[in-house]
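> give me a 3D structure for the following:
(one chain, ligands or ions: 1)
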Amino acid sequence: MSYAIDPGQAKALLEMEQRGSFPDPRGRFGPFGGRYVPETLVPALDRLEDGVRRYLHAPEFQQEFSSELHSWAGRPTPLTHARELSRRWGADVWLKREDLAHTGAHKINNAIGQALLAKRLGAKRIVAETGAGQHGVASAAACARFGMPCVVYMGAVDTERQAPNVGRMKLLGAEVIPVTSGDQTLRAAIDEALRDWVSDPAGTYYLLGSAVGPHPYPYLVRELQSVIGKESRQQIVERAGGLPDVAVACVGGGSNAIGLFHPFINDATVALLGIEAGGRGPGLGDNSATLSFGRPGVLQGCYTMILQDDDGQVQETHSVSAGLDYSGVGPEHALLMATGRVTYLQATDDEALDALAECCRAEGILPAIETAHAFAGARRWARDNPGGRILIGLSGRGDKDMPTLQKTLLRGKL
Ligand SMILES: *Cc1c(COP(=O)(O)O)cnc(C)c1O
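Here you go, the predicted structure:
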């Protein structure tokens, strides 16, 4: 662990997290989180925070949110017993099927919730950023559903490796703007979306796609994505007769992971395991394993763990999965690692691709390459904990990854 706090402080912070004290009134998760932004962004974030306080937990908002999740997005998503993986791994494996949510990943939960919030805040247009394109597609779909124009910023590198999603966004009525500045991936796209928002904070709403960025986004996204863990908890108790021994999710910005983990934070017997993108290996620039290899610093409005060099320069990252290719991570994950409540490990590109192939053959499910990192981590956990009950957050489906899979797993095989 590259961020150490003393055991007494870790215990106190965990107790506060378990009591629901975070984020605190300054938007902090212990030492992490907060709001490190230029003056020009403060009024926009204040407006958003106000809106979150007023609407997010109001019965009228929650009712419309649930109804849209149910009748438009297909929730609750099923919990599938993975029969063959259970046999192979000597474990009891259960899959929370976010791949079966509308548009093919967990991203839609957040997109619906924030689009509903944008309407209540009187926004006339939505801007969003996207990495793998899944959040762009979810935002474009939600904007079409709620009748709002949508602009999606996407790194130029990502528009190429996720070409099918660019077409989907356009069909759903969004304008896609390729970003050629900076690293030309997710980080640059977030910068552009923030810039756009600042130029018209009242008329524009910035629909951020993960549990990152300045307060209140990490909190807002966690609350909207917690539907994953709440459903899973109830479903696994009903179907398997008890809680899981471990819940496993992949971690990019950390939205599907915090959504799965948060409702289990107070269940002492449930281990929580987040899997980052180990890429080609531990070298600087070869991975996106922020919690494993990063150090604390400020990135895009938030104090969190960041991949940076000795001079504090943010590092470019690598992962075979565009959706995990980000040099920061949500501040609540930084806290959960520091307290020891969640363990964060990595899976390399090759391990993820191998786990993807196994899931396809064994279960008849093609997961996203992002998701496959969770499978690789779960498989390792099963080896060390024979007979355990494993809940895997199956964050999305892999159809969008066909261009990458053609060049890797399928190379020379067609
Ligand atoms: C975007 C994405 C991720 C990574 O984002 P998080 O915010 O870390 O969840 C993981 N899986 C899928 C399928 C995605 O689309």
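> got the residue ranges for the strands in the stretch 251-400 of the chain?
For the stretch 251-400 of the chain, the strands defined by DSSP state E, counting those that start in this stretch cover 271-279, 295-299, 302-306, 342-348, 389-394.
> got TSV for these, with distance to Arg168 and mean pLDDT too?
Using the backbone N, CA and C atoms, a C-beta is placed for each residue, glycine as well. Shown next, in TSV, are these (distance: least, C-beta to C-beta, whole Å; pLDDT from 0 to 100):
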stretch	distance to Arg168	mean pLDDT
strand 271-279	23	98
strand 295-299	29	96
strand 302-306	29	97
strand 342-348	27	98
strand 389-394	20	99
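> buried deepest among those strands, which one?
Among the strands of the stretch 251-400 of the chain, ranked by average contacts under mean count of other C-beta atoms under 10 Å, first place goes to strand 389-394 (a mean of 28).
> that strand: partners in the sheet, and parallel or antiparallel?
Within its sheet, strand 389-394 is paired with strand 92-97 (parallel), strand 246-250 (parallel), according to DSSP bridges.
> and the residue lying closest to Ser232 once chain neighbours are set aside, how far from the ligand?
What sits nearest to Ser232 in space, not counting adjacent residues and going by C-beta to C-beta, 6 or more residues apart in numbering, is Lys96, at 4.7 Å. Distance from Lys96 to the ligand, counting by C-beta to the nearest ligand atom, to the nearest Å: 12 Å.
> what is the least confident helix or strand in this structure?
helix 156-161 (a mean of 87; mean pLDDT, DSSP states H and E).
> tell me the contacts of Tyr36?
By C-beta atoms under 8 Å, 6 or more residues apart in numbering, the residues touching Tyr36 are Pro214, Val298, Gly301, Cys302, Tyr303.
> residue contacts, the fourth one?
Residues counted as contacts of Cys302 (C-beta under 8 Å, 6+ apart) are Phe32, Gly33, Gly34, Arg35, Tyr36, Val212, Gly213, Pro214, His215, Pro218, Gly328, Pro331.
> in the sheet, who's paired with the closest residue to the ligand within the stretch 301-414 of the chain?
The minimum distance from the stretch 301-414 of the chain to the ligand, using C-beta to the nearest ligand atom, falls at Gly396 (2.4 Å). Following DSSP bridges, Gly396 is listed with bridge partners Ala105.
> again with Gly297
When assigned by DSSP bridges, Gly297 has beta-bridge partners Thr304.
> do you know the pLDDT at the spatially most central residue of the chain?
Centroid check for the chain by C-alpha atoms, centre = their mean gives Ser255 as the closest residue, at 2.9 Å. With respect to pLDDT, Ser255 scores 98.
> that one reaches Leu208, doesn't it?
No - using C-beta atoms under 8 Å, Ser255 makes no contact with Leu208, being 9.5 Å away.
> what touches both of these two?
By the contact definition C-beta under 8 Å, 6+ apart, Ser255 and Leu208 are jointly contacted by Val221.
> ok, back up a step: contacts only, for the residue nearest to Ser232.
Thr77, Leu79, Ile228, Glu231, Ser232, Gln235, Leu260, Leu391, Ile392, Gly393, Leu394.
> quick one: which two of these are the most distant?
Glu231 and Ile392 (14.1 Å; C-beta to C-beta).
> get me the contact residues on the stretch 251-400 of the chain for the ligand.
Within the stretch 251-400 of the chain, the positions adjacent to the ligand are 251-257, 323-324, 368, 370-371, 395-396 by C-beta under 6 Å from any ligand atom.
> show me the residues you listed that map onto helices.
If you go by DSSP state H, these have Ser255, Asn256, Ala257, Glu370, Thr371 in helices.
> now these as TSV including distance to Gly90?
Shown next, in TSV, are these (distance: C-beta to C-beta, whole Å):
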residue	distance to Gly90
Ser255	31
Asn256	26
Ala257	25
Glu370	26
Thr371	22
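> who wins for neighbours among those residues?
Counting neighbours by other C-beta atoms under 10 Å, the top entry in these is Ala257, with 36 neighbours.
> mind listing what that one touches?
Applying C-beta under 8 Å, 6+ apart, we find Ala257 in contact with Ala249, Cys250, Val251, Gly274, His333, Gly393.
> closest to Ala141 out of those residues?
Distances from Ala141 to these, taken by C-beta to C-beta, are shortest for Gly393, at 21.1 Å.
> could you pull up the residues touching the closest one?
With C-beta under 8 Å, 6+ apart, Gly393 has these contacts: 96, 98, 106, 228, 232, 247-250, 256-257, 259-260, 371, 374.
> 6 Å instead?
Contact analysis of Gly393 by C-beta atoms under 6 Å, 6 or more residues apart in numbering lists Lys96, Ala249, Asn256, Leu260.
> repeat that for Gly173.
Taking C-beta under 6 Å, 6+ apart, we find Gly173 in contact with Ala144.
> picking up where we left off before, just the closest of the contacts of Lys96 to Trp381, please.
Minimum distance to Trp381 across the contacts of Lys96 is 9.9 Å, recorded for Ile392 (C-beta to C-beta).
> can you name the residues bridging to the closest one?
Assigned bridge partners for Ile392, using DSSP bridges, are Leu95, Val248.
> ok, Ala362 touching Arg83?
No - between Ala362 and Arg83 there is no contact under C-beta atoms under 6 Å: 8.4 Å.
> so between those two, which is more surrounded?
More crowded of Ala362 and Arg83, by other C-beta under 10 Å: Ala362, with 18 against 11.
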